[in-house]
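Engineer: Next come a sequence and a model predicted from it.
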Amino acid sequence: MFSWIFIMALSCIELNPKVWMQGIKRGRIFFMVQVGRYVVGLILSFVIIYFLLIDISITGLMNTFGFIVAINLMISGLFHPAHRVDDKEKQLKSKRKAKRVPLQSGIGFLFFIVLLFLNFVYPFTVTQDLAEMGEIETSTDQIESVTEEAVRSVPYTYARYKSEIAFGNIDNYSFYEMGETSIQKIDEELFWVSPIEYASIWRWWRADSAPGYIMVSAEDPNAEAELVDNYEMEYVPSAFLNENLERHVRKKYEDIILMGVSFEPDDDGKPYYAYSYAYYDHYRTGPDADGVILIDARTGDMEKYKLGEQPEFVDNAIDYKLALDYASWFGTYSNGLLNSIFAKEGVHEPTSEEEMIGVLGPDNDMYWMVDHMRPNQDSNTMVGFTMVNAQTGEATYYTGSSGLLNAGGAREVVDKSFQREQWSGTQPVLYSVYDSYTWVVPVVDQNGLMREIAMVHADTGTIAHGSTREEAFSSYRQTLASDLDTDDYTPTDILEEETVEGTVYRVSDVNDQVIQVLITGESRVLEFDVTSIADVVFLREGDEIEAQVVDTEENVLNVVDYTNVTIEEEFGGVEEFDIEEETGTNSEAEPNEPAENEGE
């Protein structure tokens, strides 16, 4: 690193060799000027390389020091020493020299224009390559359904709130602050994880190390935040000098294009940082994800891995900003640059320009997900969504969700549903639940405290909710089961209808219009919705029943219809009969008036 600082400082000295030849003749003054310029170059070079930590690659150096060289050439060409001469011969030489001086400035100006072109115009000439950079495949298939355990129900804001409470338990907490909170899978569970960072350079100077990190369950809103403070982390992003994480990486990997960093505790809780890195195919345009550098936050030991070959516990091997760029370029430029400006055929764009949502996929890998909408439209529906495997980089754009509610639409449904309580939805996440696209939306009050978990059916906008994830799923199961008789909700491989029978040996109390029943020969719980099956309230222990249920591959079977065999055997059914209409005069008689011939 330091050798490059001394080398690149040369970009500020005189670069014209002919001027050097003349300067040698003038002697000491010329050399003193060049020494002064070199000192200025050292300062600039030190700031750019040591503090800004640019990659020491050809394009990296050209894109920073190239501008310095261009400006140096332009200014030096205009302000060379004066050409005062007395005799005609020297004056003639001076005129020829004067003609050469603007040429140096012209070269510098041309170099400056080339750099501007490469940075601001050239990217628009490779838009087709940008659209293909993420290798995003298009699919009309529906994503696989996830289980209840894979759904995150705690929003970012609530996780930060709970983390702040735990942060107060740190010794000398004024020395530190919470770092960026990210979603992580640790030992098969989802957590929000926040590394502890230094508050300032003075706090870093006083503290020996950062104490660890805070983790909050992303699955259980009632779980307390956990302070993990038994690790002394020396290499963190907020440290200074050689303990600064990025500078530590740069010392070993000078030419790597660093894209973003993620805090990644392993399954045993040991703290690591993962730096996503890439390479450029088109000057400084369109970084292509290449791998990840894993750094031990305690010792500083690091290892570089190709994308997809990193250890399993690394969830975010590709930076979300890069994944979002891929999704945006794919939606905007797939049909060409001109089409994206004028006709806009097939153009779509992510609903968020700032973030992608981290979700756990059905294959137990972490994914970056963002929904897409038509450009320049304030719409509540989406045209599709992109999922990028954060561990391998594989990306798919799903078009089968066109016309469904997008994140904004789902949030609006939730806000209206809780308008009286003045609660609002936050950070909707799209899943396939029971083979139906579903937005899971945490509901928070005005203070940011979590109150409910809402599940919004993306096709109809139907909402189900509960105070816990289990209650929300139970309510949502009942909602889907009650709609199975319509064409839109025919059971699939996830929602299969079957018949079970047995003797009732336990009946729960009515809880939120739901009764749960245990029967012999069936290990799963039968769940009845009282609002749709009203006579279930008469069910008693010992009754023999036959029930049509919906199997969601969980421990609860939703009952669509049932027959109480015991009651039918005891009381029988209602027989149909016809009332024959009598004819004659008697049909006209008054009820209490005897017939005319009666008694004769």
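Structural biologist: Everything's here; your move.
Engineer: Any idea what residue 368 is bridged to?
Structural biologist: Counting by DSSP bridges, residue 368 forms beta bridges with residue 358, residue 388.
Engineer: contacting residues for it?
Structural biologist: Counting by Cβ atoms under 8 Å, 6 or more residues apart in numbering, residue 368 makes contact with 318, 320, 323, 324, 356, 357, 358, 387, 388, 390. Glycine gets a C-beta too; all of them are placed from N, C-alpha and C.
Engineer: ranges for the helices of the stretch 401-550 of the chain?
Structural biologist: 407-417, 469-482 (DSSP state H, counting those that start in this stretch).
Engineer: Farthest-apart pair in the contacts of residue 368, please.
Structural biologist: 318 and 357 (14.5 Å; Cβ to Cβ).
Engineer: Among the contacts of residue 368, which one has the most neighbours?
Structural biologist: residue 318 (29 neighbours; other Cβ atoms under 10 Å).
Engineer: Just to check, that residue is in contact with residue 367?
Structural biologist: No: between residue 318 and residue 367 there is no contact under Cβ atoms under 8 Å: 10.4 Å.
Engineer: Now the common contact residues for those two.
Structural biologist: With Cβ under 8 Å, 6+ apart, residue 318 and residue 367 have common neighbours 388, 390.
Engineer: Give me the domain ranges for this protein.
Structural biologist: By the record's domain assignment, the chain is partitioned as 2-120, 126-140+148-371, 407-489, 496-571 (automatic domain parsing).
Engineer: Determine which of those approaches residue 395 most closely.
Structural biologist: domain 126-140+148-371 (4.3 Å).
Engineer: Could you tell me the end-to-end distance of the closest one?
Structural biologist: 25 Å (Cα to Cα, to the nearest Å).
Engineer: so which strand or helix has residue 118?
Structural biologist: Taking DSSP states H and E as the criterion, the element that holds residue 118 is helix 88-120.
Engineer: what about that helix, average pLDDT?
Structural biologist: What helix 88-120 shows for mean pLDDT is 75.
Engineer: Likewise for stretch 19-29?
Structural biologist: Here stretch 19-29 scores 82 as its mean pLDDT.
Engineer: Quick check: the nearest residue to residue 232 once chain neighbours are set aside vs residue 202, distance?
Structural biologist: Excluding the flanking residues, the one nearest residue 232 by Cβ to Cβ, 6 or more residues apart in numbering is residue 209, at 3.9 Å. Between residue 209 and residue 202 the distance, using Cβ to Cβ, to the nearest Å, works out to 16 Å.
Engineer: Ends of stretch 212-229, what's the gap?
Structural biologist: From start residue to end residue, stretch 212-229 stretches across 5 Å - Cα to Cα.
Engineer: Please spell out which residues along it are buried.
Structural biologist: For stretch 212-229, a neighbour-count test (16 or more other Cβ atoms under 10 Å) marks 212-219, 221, 225-229 as buried.
Engineer: Give me the subset of those residues lying in strands.
Structural biologist: Those of those mapping onto strands are 213, 214, 215, 216, 217, 226, 227, 228, per DSSP state E.
Engineer: Looking at those, which is nearest residue 376?
Structural biologist: Of all these, residue 216 has the smallest distance to residue 376: 37.8 Å, by Cβ to Cβ.
Engineer: partner residues bridging that closest one?
Structural biologist: residue 192.
Engineer: OK, contacts around it?
Structural biologist: 154, 159, 162, 163, 191, 192, 193, 194, 223, 225, 226.
Engineer: Just the strands from the stretch 101-250 of the chain, written as ranges.
Structural biologist: All strands of the stretch 101-250 of the chain, identified by DSSP state E, counting those that start in this stretch, fall at 137-139, 176-178, 182-186, 189-198, 213-217, 226-228.
Engineer: Name the residues that touch the last one?
Structural biologist: Strand 226-228 has contacts (Cβ under 8 Å, 6+ apart) with 166, 167, 169, 170, 212, 213, 214, 215, 216, 265, 269.
Engineer: Just give the strands next to it in its sheet, each with its orientation.
Structural biologist: In the sheet, strand 226-228 lines up with strand 213-217 (antiparallel) (DSSP bridges).
Engineer: tell me the mean pLDDT over the strand it pairs with?
Structural biologist: The model assigns strand 213-217 a mean pLDDT of 94.
Engineer: what's the angle between it and strand 182-186?
Structural biologist: 80 degrees (axes from the mean of the first three to the mean of the last three Cα atoms, to 10 degrees).
Engineer: how near is the residue nearest to residue 190 when sequence neighbours are not counted to residue 182?
Structural biologist: Nearest residue to residue 190, sequence neighbours excluded (Cβ to Cβ, 6+ apart): residue 218, at 3.9 Å. Distance of residue 218 to residue 182, given as Cβ to Cβ: 10 Å.
Engineer: Now do the shared contacts for these two.
Structural biologist: What both residue 218 and residue 182 touch, as defined by Cβ under 8 Å, 6+ apart, is the set residue 192.
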